[in-house]
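J.: need a structure here:
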Amino acid sequence: MRENYGKIDKELARKFLSDHYDSFEEAYNPGSRTLCGHVEYDPRGLPEWGWDAYYPGGAIDAKVTDSEWASQMKFHAKFGHSCEIPFLAKPTENKYFGKLIFLMFFILIKGIFFIYFISLLLMI
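T.: Numbering: from 1, shown residues only. Below is the predicted model of the structure:
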């Protein structure tokens, strides 16, 4: 991050959100310890959150804006992984169907609150 201090713009922020660098393993590998957050590919899962191996979760939506865009009520939103690797529900749908429905509802509500929060900030 030091090399990017003062240089972070919308495009670089979008690039960060799709990053697959695992700082623990010191390698590029989609998994639970990356910013892009591919728990569905991780044999460890996230036990601290109660997610077992290959749990259908992680960073599944991303939003980027800056002060110029925020003043115009604009932002870039990406549903699904930022890296464009598709989330394939088929392998997990039987075991996690109820959780997948909840996750989709949560994403929708989170996006609505983000838009509402930005509009409140602009009213100040």
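J.: when you work out contacts or count neighbours from here on, use the C-alpha atoms and nothing else.
T.: OK.
J.: now the strands: where do they sit in this protein?
T.: Shown for the chain, the strands assigned by DSSP state E span residues 21-22, 27-28, 61-64, 76-79.
J.: any chance of CSV for those strands, columns distance to residue 110?
T.: Listed next are these as CSV, based on distance: least, C-alpha to C-alpha, whole Å:
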stretch, distance to residue 110
strand 21-22, 26
strand 27-28, 29
strand 61-64, 9
strand 76-79, 11
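J.: could you dump the ones you listed into CSV and include mean pLDDT, distance to residue 70 and mean neighbour count?
T.: Below are the strands of the chain laid out as CSV (pLDDT from 0 to 100; distance: least, C-alpha to C-alpha, whole Å; neighbours: other C-alpha atoms under 10 Å):
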stretch, mean pLDDT, distance to residue 70, mean neighbour count
strand 21-22, 92, 29, 18
strand 27-28, 92, 32, 11
strand 61-64, 85, 10, 17
strand 76-79, 84, 10, 14
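J.: nearest residue to the spatially most central residue of the chain other than its sequence neighbours?
T.: Among the residues of the chain, residue 59 comes closest to the average C-alpha position under C-alpha atoms, centre = their mean, at 2.8 Å. Leaving aside its chain neighbours, residue 59 sits nearest to residue 37 (4.7 Å; criterion: C-alpha to C-alpha, 6 or more residues apart in numbering).
J.: how near is the one you found to residue 108?
T.: 19 Å (C-alpha to C-alpha, to the nearest Å).
J.: who has more neighbours, these two?
T.: residue 37 (24 against 12; other C-alpha atoms under 10 Å).
J.: list the contacts of that one.
T.: 20, 30-31, 57-60, 81 (C-alpha atoms under 8 Å, 6 or more residues apart in numbering).
J.: one more pass at 6 Å, please.
T.: Shown in contact with residue 37 (C-alpha atoms under 6 Å, 6 or more residues apart in numbering): 31, 58-59.
J.: just the closest of those to residue 114, please.
T.: Checking the contacts of residue 37 against residue 114 by C-alpha to C-alpha gives residue 59 as the nearest, at 15.7 Å.
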